[in-house]
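Trainee: Give me a 3D structure for the following:
(one chain, ligands or ions: 1)
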Amino acid sequence: MEHIENITNFVRLAADDNSGSLPGSLFIDASKNKRISGYLALSLSLIILVLLVIPSLKTSGNALVDAPVIGSKWPWFNRLEFLRDANTPIREGYRKFKSGIFKVIGNEILVIPNKYVDELRSLPEHKLSSIVANIDNFQGAFSTIDILLEGDLHTHTIQTRLTPKLGTFIQPICKEIRKSLPVELASSETQWAKHKAFDVIVRLIARNFARTAVAPMYDNPEWLAINVKYPENVFKCVILMRLVPNYLKGLAAWVIPWTWKVSWNLRGALRLVVPIVEERQAALARHIQDPSSTYEPPNDLLQWMMEEATSPRDARPDKLVHRLLVLAMASVHTTSMACAQAFFDLCEHPEYLEDLREEILGALRTDNGWKKTTLTRMRKLDSFMRESQRLNPPSLTGFKRQVMEPMTLSDGLFLPKGVHLVMPIVPIAQDESVTGYPLEFDGFRHYRRRDEPGNAHKYQFATTDKDNMHFGHGKFSCPGRFFASNTIKIILAHLILHYDFRYPEGQGRPKNVCLHEYIFPDPEAQVEFRRKTLEDPDIVAFEV
Ligand code: HEM
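Mentor: Numbers count the residues shown, from 1 in each chain. Presented below is the predicted three-dimensional model:
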């Protein structure tokens, strides 16, 4: 009540101040009052108009490319519409200009066809940048992703240290999943019980990533929570910030809570992990002083990045920890989304389960347990995952790039500096001329294609080509896709072997949640699980 009274007093005093001739009274000259309101309304309308018009007057980058625009040219309305439904303009543009170029959200996004991918995919970063485009997409400075501009230590480390060692991670991931599943699905041990499938999967994957990132922290609940929350907060920040015109973003960052949350997560990670970096640096220094002392460097992403860092800045403990979080952002939710989509497809198509179970058991029997080769033997499961991603991918557009030097493509298309381009990867993957009966879920279609002569190594979940760019394609394609593929296979295989699952009565495959070009599996969707009662003795033997 007190503050209402204060406001009333304030209004009264302000009126006193303005009324001039009638001090102490709220009843000021009505015509003057009307005039003031008129001026105020006019100024406000002018300000709004200027704010809306400025972005459409841009005279650089995409604005210099002559291409048809899908939707209205007013960026802000378009941005809002794109947030709600990006599918319609992207598909409409593809339908009308399949092998040509078009723009969406006014001048903001230039969509180009995949006929250019071969001449663009190997260009160096200083000519065509994936990092600058991704920082722009992820609202760099406001989501703390701009550390990527400082170098590619994290990508280099995944390529040179994680991927070659993937085989050694299979047993630890399996152990982790076997330990976590009964905890996550505790109520399903004896009877059918409902769980939010996405939540379960995110926690399994985050735990796995948290351990791969900093081995001694694998069961630290705070570190685990940061690995889940940081990517979520970054996405929320990105989704809102994208609506705000560039010149207002700095201001908006103060009022959008997720920009603060992202910073809190980062601070939390620094508090937890910087002391570990310092301990490791001290242990190495002791070993250099006394080479006879025992020194066993841990096997995790943090240690590898410490060893691979070539500049003092990259080697700084705070920078290393920040990069680990960016990796959590790149890996935890992307992998969880793909895994959840494939799992929803398994629930929707139980007719595949018997075949998949046979294949998984066959692979385990051949290898006498979980080995590096066991996962490559699961070709039907791999095909199922690829088909699931083809129909329910994480993003409508891909191959997001920023032109850093003006260039002319082979057919004469000129791309000035500053162009932000993407490719319409979903319409391409779902085009009849690329994939027969494109909207039908055919879980083993890629398996059958791989059986054709010369195709054994093509059409896998983690292989990219110009028609399948959900992991990008070329020089900057996702370096973590092999790790993601292994993790998803291990989780799905364990679910298939140990659980029965189904949608609750009357419920089918949940609808995706689409925001901007991003496509998320429904995080609220529930699935019923029940632990299988009859354990196959073979499986039990393989899982000691
Ligand atoms: C199903 C899961 C995943 C999907 C769908 C995915 C997708 C992508 C895509 C589309 C890109 C951009 C490629 C381009 O611009 O052409 C990318 C880049 C990247 N991804 Fe993944 N990713 C996944 C999992 C992972 C995992 C598990 C890791 C880490 C272990 C990872 C690390 C990265 C990194 C570091 C980059 C940046 C590469 C660069 O700029 O050179 N990703 N990912």
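
Trainee: How about the residues of the stretch 101-250 of the chain by the ligand?
Mentor: Within reach of the ligand by CB under 6 Å from any ligand atom, the stretch 101-250 of the chain has these residues: Ser130, Ile131, Asp152, His154, Thr155, Ile158. For the C-beta atoms, the positions are set from N, CA and C on the backbone; glycine is no exception.

Trainee: let's go with 5 Å and repeat that
Mentor: Ser130, Thr155 (CB under 5 Å from any ligand atom).

Trainee: Check the chain too.
Mentor: 130, 155, 330-331, 334-335, 338, 471-472, 476, 478, 480, 483-484.

Trainee: Out of those, list just those in helices.
Mentor: Ser130, Thr155, Ala330, Ser331, Thr334, Thr335, Ala338, Phe483, Ala484 (DSSP state H).

Trainee: so what's the closest residue in space to Cys478 that isn't next to it in sequence up against?
Mentor: Closest residue in space to Cys478, ignoring its immediate chain neighbours: Phe471 at 4.0 Å, by CB to CB, 6 or more residues apart in numbering. By CB atoms under 8 Å, 6 or more residues apart in numbering, the contact list for Phe471 reads Ala462, Thr464, Ser477, Cys478, Arg481.

Trainee: now do Thr190
Mentor: Here Thr190 is in contact with Arg531 (CB under 8 Å, 6+ apart).

Trainee: do that again at 7 Å, thanks
Mentor: The neighbourhood of Thr190, defined by CB atoms under 7 Å, 6 or more residues apart in numbering, contains no residues.

Trainee: And the pLDDT at it?
Mentor: Thr190 carries a pLDDT value of 86.

Trainee: which residues of the stretch 101-250 of the chain fall in strands?
Mentor: Secondary structure of the stretch 101-250 of the chain, counting by DSSP state E, counting those that start in this stretch: strands at 102-104, 109-111, 128-129, 193-196.

Trainee: The shortest one - what's its average pLDDT?
Mentor: Yep, that's strand 128-129 we're talking about. Mean predicted confidence for strand 128-129 is 96.

Trainee: What separation do you get for the spatially most central residue of the chain and Leu375?
Mentor: For the chain, the residue nearest the mean C-alpha position is Thr334 (4.6 Å; CA atoms, centre = their mean). To Leu375, Thr334 is 19 Å away according to CB to CB, to the nearest Å.

Trainee: Count the residues that sit near the residue nearest to Lys319 when sequence neighbours are not counted.
Mentor: Take Lys319 and drop its neighbours on the chain: the residue closest to it by CB to CB, 6+ apart is Arg313, 6.2 Å away. Neighbourhood size, Arg313 [other CB atoms under 10 Å]: 11.

Trainee: Break this protein into its domains for me.
Mentor: According to automatic domain parsing, the chain comprises the domains 62-134+397-429, 151-395+430-542.

Trainee: show me where the stretch 301-450 of the chain has strands.
Mentor: Going by DSSP E, counting those that start in this stretch, the stretch 301-450 of the chain shows strands at 398-403, 407-408, 414-415, 420-423.

Trainee: residues in contact with His195?
Mentor: Here His195 is in contact with Leu185, Gln526, Val527, Phe529 (criterion: CB under 7 Å, 6+ apart).

Trainee: wait, I meant Met217
Mentor: Counted by CB under 7 Å, 6+ apart, Met217 has contacts Ala210, Trp223, Leu272.

Trainee: let's see it at 6 Å
Mentor: Trp223 (CB atoms under 6 Å, 6 or more residues apart in numbering).

Trainee: Go through the strands of the stretch 101-250 of the chain and name the closest to Val403.
Mentor: Distance to Val403, taken as CB to CB, is lowest for strand 128-129 among the strands of the stretch 101-250 of the chain, at 6.0 Å.

Trainee: what packs against that closest one?
Mentor: Contact partners of strand 128-129 among helices and strands, from 3 or more CB pairs under 6 Å, 6 or more residues apart in numbering; DSSP states H and E: none.

Trainee: so what strands line up beside it?
Mentor: The sheet places strand 128-129 alongside strand 398-403 (antiparallel), with pairing taken from DSSP bridges.

Trainee: What are the buried residues along the partner strand?
Mentor: Gly398, Phe399, Lys400, Arg401, Gln402, Val403 (16 or more other CB atoms under 10 Å).

Trainee: from what I can see the last one touches Phe414, true?
Mentor: Meaning Val403. No: counting by CB atoms under 6 Å, Val403 sits too far from Phe414 to count as a contact (10.1 Å).

Trainee: Count the neighbours of the closest residue to Leu327 other than its chain neighbours for me.
Mentor: Leaving aside its sequence neighbours, Leu327 sits nearest to His154 (CB to CB, 6+ apart; 5.4 Å). Around His154 there are 24 other residues, counting by other CB under 10 Å.

Trainee: Please look at His154 and Leu324 and confirm they touch.
Mentor: No: in this structure His154 lies outside contact range of Leu324 using CB under 6 Å: 8.0 Å.

Trainee: Excluding residues flanking it in the chain, which one is nearest Ile158?
Mentor: Pro479 (4.2 Å).

Trainee: hang on, isn't that neighbour packed against His156?
Mentor: No: judged on CB under 6 Å, Pro479 makes no contact with His156 at a distance of 8.5 Å.

Trainee: And the two? Which one has more around it.
Mentor: Ranked by neighbour count (other CB under 10 Å), Pro479 and His156 place Pro479 first, with 20 against 16.

Trainee: which ones are touching that one?
Mentor: Per CB under 6 Å, 6+ apart, neighbours of Pro479: Thr155, Ile158, Gln159.

Trainee: ok so, going back, tell me, how many residues neighbour the nearest residue to the residue nearest to the centre of the chain once chain neighbours are set aside?
Mentor: Distances taken as CB to CB, 6+ apart put Pro394 closest to Thr334, at 6.0 Å, once the chain neighbours are dropped. Residues near Pro394, counting by other CB under 10 Å, number 19.

Trainee: Cheers, nothing more for now.
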